Each structure stands twice: as structure tokens, then as C-alpha cells.
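J.: Generate coordinates for the sequence data below:
(chains A and B)
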Protein chains: 2
Amino acid sequence: MLFNDLINFIRKEVNRGLKKIPLPKNPKYLYDPIRFILDGSGKRFRPILVHLSGRSSETDPNSLMKIALAVELVHNFTLVHDDIMDNDYMRHGKPTVHSKWDNSTAILAGDGIFAIAQILLCSLPNRANKICQFFNQTTLELCEGQALDKQFENDLNITQEQYLEMVEKKTGALLGACAALPAILNNQDKKTIDQLSQFGKAIGKGFQVHDDLLEIYGDPKKMGKSLGSDIREGKQTIMVIKARKEFPKEWELIISNSREGDNLSVFRDFFKNNGIKRETELLAKKYFSSARHSIKNIKISNINELNNFVDLIEKRTF
Amino acid sequence: MLFNDLINFIRKEVNRGLKKIPLPKNPKYLYDPIRFILDGSGKRFRPILVHLSGRSSETDPNSLMKIALAVELVHNFTLVHDDIMDNDYMRHGKPTVHSKWDNSTAILAGDGIFAIAQILLCSLPNRANKICQFFNQTTLELCEGQALDKQFENDLNITQEQYLEMVEKKTGALLGACAALPAILNNQDKKTIDQLSQFGKAIGKGFQVHDDLLEIYGDPKKMGKSLGSDIREGKQTIMVIKARKEFPKEWELIISNSREGDNLSVFRDFFKNNGIKRETELLAKKYFSSARHSIKNIKISNINELNNFVDLIEKRTF
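T.: Prediction:
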């Protein structure tokens, strides 16, 4: 099977799995928004990584799917809550839950999705303890990452190092878990679990740095939102941190003028002409290479598929 | 040991257990509010019930304490999120998290506490699967209860039956779990688990009906908040539902005048003079009796302590 066909097949199965999660009709206040969230057109990168990492003859396919679904659920739970905290009104071209309904509805829908993820994982017939333990430690790390992100907002002293620590928790931790959990399910040795966790974490950091690029250089139509808004609202992305450090005066001028209206092209030119775009692309590339490196000598059979997954993430345009 | 001394002893141990949960110092955005929440002066009724229900020679005390703490954590997680949704600014004489900090901080602190509760439960050496399963089903029921509560706000068609369904989920489910989880830990038969669950659920309904009484007839100083505000803001308490059904015109008049200012004494006189206070007291009493009845023939040794717990809840004044 070609890799793209494999990815599309897994994505379809994951979407089918999400639809099969038994959700009562009532109370509508809770389950209508949950249905709306799970019907979304997410790219399902995380459950796809779970399936790729766990594809081997020993794996129980039902258990693997439960982990994949739980990971996608917890990802959605954090998105719904983060969108409230970050005042984001659109995601992938759809209104966010708190903008379609209200904050209370979105808080509760997130909580419900988190509980459903737990129920799925507890029903694993083998090694549920260890898997739940790793999964919830990861969730707590996601909360820490979001906390750092909120702390850093409008803080002009944030360094690239602090930013990358935040990204490792906010995006790296869950991708690390996606790669590592199937190895825990299959009772593999600690070294293999660690290698896979490092693999996922590195992808996560590359993913986020790449995301900061797309936030400026992406196609607004494909991204499903207006670009540059995070920066205008004071978000410290990797390019902003570099600009502030390397060109403090010039950047201050850009930012003070940017409040007057949309000026995406000014951002684009500034980052490009000052080499910041290039530096950021190289940083993303470094993390994707590090991901490939961390599974070089790993004791699993489908290294090729995992490397193809890195390509997929590296080349994404939205 | 006298029952009161026993309760105080358990409460102290629970508070000590909560303080011993390892919380990192950073990120402060996440852990400062969590520390503030766990330092609170809650009455710890739920973890006390866990300990009373599980007190027997076979029980592993460490496991029992983990369940007790997890239950108290999930209770606090729901309080923090509910306080945002309900715009409540004070609880037990202290500012709520979203009023001391802001909504984003409170959403994230609640999420973090929920994850910590899961981490505690996953570390149980025996029957963690079954316990986590029951625990998370219960959490989802709490979400359903809160969803119904939000749906019912300002809905003038809510019946007493609908109200009691909401209360069973919002308050009954967790107290039911407090009583039942230790029996699951001790691998007791299904009948005993069900009896204990019914016991806790009935206490929960009595508790909530009694709470609606305290919201009007309690001592504002002891309650740590102004009374009657829920009703002024359109909350459908059991007494409001009875007033609306039995005295629709008179009640409408009371409510339309109440918007002009604080008139707790008007509410008090109305419910008392029209027999609604008495009816509500009898309803609470019915649930507490039903709780005692459901464990009449149960196969555990400390029925007396469980009955004393019902007395404790029935006689609470704040």
C-alpha cells in the first residue's frame, strides 16, 4: 500500500471510530457540542501516529484504536479550552465551540470529552494502568505547556529557550505519547519506549516551529483563518522572539504600526528580508532531522513508515 | 472513638493527604491556583464518606486514601469550572478562582486537578481498571448534571421530577461513587456495591434539597456568601419550582419585585407562610430515610458509622 493511501485509510478508520463512540442524545447542552467537535475535519495526525507506531503483528487492533481515539479526544479537549483562553473564534474554517455557543458550553464540552477519553482507556484489557498513567502525566504536561504559553503572552523578555520549553510541553508531549503508548501496550523495553517518545517530541517541536511559519506564510484560505493575528495580539512566536532579539528597534516600530490595521505583508517582508524566515525554517528542519535520528537504531519493523510520517508533517501547508 | 472525633481525624488525614500531593513550583500560572484550591477549608464530606464506607480489616489504607483524594480532587475540579459557568464570586467565604485570577486561569487549574486525580487513581495496585471506569463514568454524569442545571436556568417549565433527575447526576452521582468505590476496591459482590451506590445517591439528593433550604434559611455568615442570589438570578431551586407550580401569580409578583434589590426576608416569609419550607424539609427527610433504608441489610460491619454520616449531613447548618 502506498503511504498516502495508508494515511487516508487510517484517517477514515479513526473518523469512523470517533463516530462510533456512544454518545447519548441528552442532555443536549453537553452532547450537541461534543458531537460538533468530533464531527470536525481535523487532520488526525495524532491518532495516525499512534497507528503507525503500533503497526505490528503482536498489537491488539482494538486496543490500539482505543489509544488512538483517546489521544484525539484529549487533543480536542485541549483545543476547545485553549480556544476560550486565547479568544480564538475560528479553527479550520469552522467556528470554535465557545463562539458558536458560549464559554460555559465550551468548558463543559471539553470536560466531558476528557472524561470520555478516560473511559475508553480504562477499558483496555491489558496494561491499562501503565497506559493511563503515561496518558495523564502527558495531559498534565499539556496543561503546563498552556500555562507557560499564557504566562509568556505580552512578556517581552521571553527567550527562544523558554519558548522551546513551552512548545515541548504544549505540542511535543502529546506527539511523544502517541509514539510511545503503543510500545507500552506491546510491553516493549524502556529504551524503545524512550526512543519513540523522543521521536514524537521532536516532531512536536518541529511541528510548532513550522506552525509559526504557516501563521505568517501560509495560505489564509487553507488555514481557515486570518493570518498574523496572534502576533498582533502580542503572542511570542519563534519569529517574534528572534525579531525582538536581533532587531529590537525595527521590530518595535513594526509592532506599534501594526495596531492600526491588517499588515500581514509587512510582517512577511520583515521576517524574510532580515533572515528570520530562513533561520526559522532551519530550526524546524533541525527538529525533523532529530526525530528521524532518534529512531535510527530502534527495534521495530516499520521505521520507513515513521520516517514517511515525518515527511508528511514537514511538508504540510496548512 | 466518638463519631465526631473519627470525622475530625479523617478530615485532618485527608487535608494532610491533599498537602502531600507533589505539586511542582512552576509554571505558577497552573500550580499557584491549584495550591490555593487544595488549601481551601472544604468540609471534605466526600473523602470522609470514602473512608467510612471502606473501613474494614481487608482494605488497603493507601489505596483507600488515594480514592478519597481523587474524589475530593474531582469535586474541586467541578466546583472551579461550575463557579465560572454560574458567575459565582465567593465560596465558603473565599474568592473563587476565576474571581481571584481570571477565567483562563480557572479553566486550566480545573483541568490540571482533573488530570492529577486520574494520575492518583491509575497508581492503585489492584483493580485500578474497574475503579477508574466507575470514577470516570461518574465524572461524565457530573457533567451531565451540570449541563441539565444550565439548560434549566430561566426555564419556567421545569418540573420537580426534572429537577430531581438533575440533582441525582450533579450531586448524587459523586456521593454514590464515594460509597461504592471502596466496595469495588475490596472486590465485594454486585449487590453490596449497588446498595452503597444507592445509599450515596440518596444522601446526595437529600443534601441538595437541604442546600436549597440553606440558600434561603441559612446563616449568611456561616454560608460565607449572600443568600437568595441564586433565586434572584433565575435559578430553579426546589422551592422555586414548588412556588411557581402552586402559587404562580403570587410568585411572579415576588420575583418581579425582587429584581429591585435584596429581599431575602420576603422570600423567607413567602416559602414559610405557604407551606413550601415544610414540604421541602419533608422531601429532604425522605431522601435521608431512603439512604438509611438502602443499607439496612448490607453485608458490611460499620452500618452505624454510615448512619451517623447521614445524621451529620442532615443536621448541617452550612
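J.: contacting residues around stretch A:287-302?
T.: A:52-53, A:55-56, A:183, A:188-189, A:192, A:195-196, A:198-200, A:202-203, A:205-206, A:209, A:303, A:306-307, A:310, A:313-314 (C-beta atoms under 8 Å, 6 or more residues apart in numbering or on different chains). Every residue, glycine included, has its C-beta placed from N, CA and C.
J.: Filter the residues you listed down to the buried ones.
T.: A:52-53, A:55, A:183, A:188, A:192, A:195-196, A:198-200, A:202-203, A:205-206, A:209, A:306-307, A:310, A:313-314 (16 or more other C-beta atoms under 10 Å in any protein chain shown).
J.: helix or strand right after the helix or strand hosting residue A:120?
T.: Secondary-structure assignment from DSSP states H and E places residue A:120 in helix A:103-122. Remark: after helix A:103-122, the chain's next helix or strand is helix A:128-152, criterion DSSP H and E.
J.: Now do that following helix and helix B:103-122, the angle between them.
T.: 160 degrees (axes from the mean of the first three to the mean of the last three C-alpha atoms, to 10 degrees).
J.: buried residues in the helix or strand following helix A:128-152?
T.: Under the assignment DSSP H and E, the closest C-terminal helix or strand after helix A:128-152 is helix A:160-167. Within helix A:160-167, the residues scored as buried using 16+ other C-beta under 10 Å are A:162-167.
J.: same thing with stretch A:240-257?
T.: Within stretch A:240-257, judged by 16+ other C-beta under 10 Å, the buried ones are A:240-244, A:247, A:251, A:254-255.
J.: and of those, the nearest to chain B?
T.: For the buried residues of stretch A:240-257, the minimum distance to chain B (C-beta to the nearest C-beta) is 17.8 Å, reached by residue A:241.
J.: now what about the strand or helix carrying that closest one, what contacts it?
T.: Here residue A:241, judged by DSSP H and E, is contained in helix A:238-246. Helix A:238-246 has contacts (C-beta under 8 Å, 6+ apart) with A:156, A:158-160, A:163, A:209, A:212-213, A:216, A:231, A:250-251, A:254, A:270-271, A:274, A:276-277, A:279-280, A:283.
J.: how much space is there between the residue nearest to residue A:303 when sequence neighbours are not counted and chain B?
T.: Once flanking residues are discounted, residue A:303 sits nearest to residue A:295: 5.8 Å by C-beta to C-beta, 6 or more residues apart in numbering or on different chains. Using C-beta to the nearest C-beta, to the nearest Å, one gets 27 Å for the distance from residue A:295 to chain B.
J.: count of neighbours near residue A:295?
T.: Neighbours of residue A:295 under the rule other C-beta atoms under 10 Å in any protein chain shown: 22.
J.: got it, and residue A:179?
T.: With other C-beta under 10 Å as criterion, residue A:179 counts 30.
J.: residue contacts, it?
T.: A:49-50, A:53, A:196-197, A:199-200, A:203, A:306.
J.: one more time with 6 Å
T.: A:49, A:53, A:196, A:199-200 (C-beta atoms under 6 Å, 6 or more residues apart in numbering or on different chains).
J.: before we move on, what about residue A:126?
T.: Here residue A:126 is in contact with no residue (C-beta under 6 Å, 6+ apart).
J.: Which positions in the stretch 1-150 of chain A make contact with chain B?
T.: A:27, A:29-30, A:81, A:85, A:104, A:107-108, A:111-112, A:115, A:118-119, A:122, A:128-129, A:132-133, A:136, A:139-140, A:143-144, A:146-148, A:150 (C-beta under 6 Å from any C-beta of the partner chain).
J.: next one: the stretch 151-300 of chain A
T.: Residues of the stretch 151-300 of chain A lying near chain B by C-beta under 6 Å from any C-beta: residue A:151.
J.: Taking the stretch 151-300 of chain A, what residue is nearest to chain B?
T.: residue A:151 (4.7 Å).
J.: what's the closest non-adjacent residue to that residue?
T.: Closest to residue A:151 by C-beta to C-beta, 6+ apart is residue B:29, at 4.7 Å.
J.: Alright, I will stop here.
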